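Visitor: heads up, no residue letters with this:
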């Protein structure tokens with residue numbers, strides 16, 4: 001598997017002409033505004049569109065077309081965007097509220113604390129309780 005091309009953030013000290021050459025060599029299609037709006041809404045409130053089909057419908061695409069456009073433009077699948085948004089919001093709620101784990105799980109789109117537990121163990125290597133204890137003073 002080949003390494004991905006650098007992004008403009010990775011290019012740091014390169015001159016503008018070199019940067020432009022790399023960017024031209026690795027153009028990605030722009031993300032349609034309707035898809036960008038859905039992804040932004042999910043980042044703000046993950047339960048706005050709790051599943052990829054919900055996200056696709058809201059953007060006006062089939063699930064397949066939505067997923068293809070998201071991956072082509074961002075390098076991540078729609079499911080990966082949804083998981084990242086759930087993880088980010090769960091971490092924020094665990095760190096800054098006293099909500100029980102079950103309530104945090106429901107707020108980020110899981111039916112039970114088990115889904116949140118599995119997500120945090122898989123993605124962050126810790127349980128919700130251990131994460132909360134670690135990030136709080």
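Guide: Great, that's in hand. Being a predicted model, the structure only gives us computed values, none of them experimental.
Visitor: contacts only, for residue 44.
Guide: With CB atoms under 8 Å, 6 or more residues apart in numbering as the criterion, no residue contacts residue 44. Just so you know, the C-beta spots here come from the backbone N, C-alpha and C atoms, and that holds for glycine as well.
Visitor: list the contacts of residue 29.
Guide: Contacts of residue 29 by CB under 8 Å, 6+ apart are 69, 72, 73.
Visitor: in TSV: those, plus distance to residue 136 and secondary structure.
Guide: Listed next are the contacts of residue 29 as TSV, based on distance: CB to CB, whole Å; DSSP: H, G, I helix; E, B strand; the rest coil:
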residue	distance to residue 136	secondary structure
69	39	helix
72	40	helix
73	37	helix
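Visitor: in this structure, which helix or strand is least confident?
Guide: helix 16-25 (a mean of 42; mean pLDDT, DSSP states H and E).
Visitor: for residue 84, grab the count of nearby residues.
Guide: By other CB atoms under 10 Å, 15 other residues sit near residue 84.
Visitor: report how many residues lie close to the nearest residue to it once chain neighbours are set aside.
Guide: Nearest non-adjacent residue to residue 84, counting by CB to CB, 6 or more residues apart in numbering: residue 76, 7.5 Å away. Neighbour count for residue 76, taken as other CB under 10 Å: 14.
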